[in-house]
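Engineer: Model the following, please.
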Amino acid sequence: MRALDTNILVRFLTNDDATQAERVYRLFRQAEANREVFFVPVPVVLELFWVLESAYGIARQEILDAVDALMQVPVLEFDAQDAVRACIADARRSRGDLSDLLIARYAVSACEADSVLTFDRKAARSGLFVLVE
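Structural biologist: Numbers count the residues shown, from 1 in each chain. Alright, predicted model coming up:
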């Protein structure tokens, strides 16, 4: 199995470079025909949130919808799928930072953490973090 870098998913979602986007579409079609699956690591999802929000100025709801749709693409297998889905659900109910929510949900998923220690007061309001004072 091969893994994907963030820029592959960015091209797929934004089509900001038509040539590269077409390569991604072709890659996904070939993978589907060959029953191949690409792995999407959690750090890629984290970076995808950041790039779409910061560099492209895409609205939060659109980002959540896009990642949710990506998780339905048959040729993509997401690392810690339950954590990513929980992050998306949390983000739809709260104003928490997308990256913070994913970090917390991944920690809960990966090592059954009951909380994540932080100095970030905003993150601590989510209930997934505990403020260190």
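Engineer: Could I get the full set of helices for the chain?
Structural biologist: Using DSSP state H, the helices of the chain run over 6-14, 18-33, 42-50, 60-70, 81-93, 98-111, 121-124.
Engineer: Pull out the buried residues from the third one.
Structural biologist: Of all the residues in helix 42-50, those buried under the rule 16 or more other CB atoms under 10 Å are 42, 44-49. All C-beta atoms are positioned from the backbone trio N, CA, C, and that covers glycine.
Engineer: Let's have the helices of the chain in CSV, adding mean pLDDT.
Structural biologist: Shown next, in CSV, are the helices of the chain (pLDDT from 0 to 100):
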stretch, mean pLDDT
helix 6-14, 97
helix 18-33, 97
helix 42-50, 97
helix 60-70, 97
helix 81-93, 95
helix 98-111, 91
helix 121-124, 89
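Engineer: mind putting those helices in a markdown table, distance to Val130 included?
Structural biologist: Output for these, formatted as a markdown table (distance: least, CB to CB, whole Å):
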| stretch | distance to Val130 |
| --- | --- |
| helix 6-14 | 30 |
| helix 18-33 | 40 |
| helix 42-50 | 21 |
| helix 60-70 | 25 |
| helix 81-93 | 16 |
| helix 98-111 | 10 |
| helix 121-124 | 7 |
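Engineer: quick one: contacts for the most centrally placed residue in the chain?
Structural biologist: Most central in the chain under CA atoms, centre = their mean is Val45, positioned 2.8 Å from the mean C-alpha point. For Val45, the contact set (CB atoms under 8 Å, 6 or more residues apart in numbering) comprises 67, 78-79, 84, 102.
Engineer: Distance-wise, check the residue nearest to Phe78 when sequence neighbours are not counted relative to Ile8.
Structural biologist: Among residues not flanking Phe78 along the chain, Val40 sits closest, at 4.8 Å (CB to CB, 6 or more residues apart in numbering). Look at Val40 and Ile8: by CB to CB, to the nearest Å, they are 9 Å apart.
Engineer: now Phe49
Structural biologist: Counting by CB to CB - Phe49 and Ile8 are separated by 15 Å.
Engineer: Understood, closing this out.
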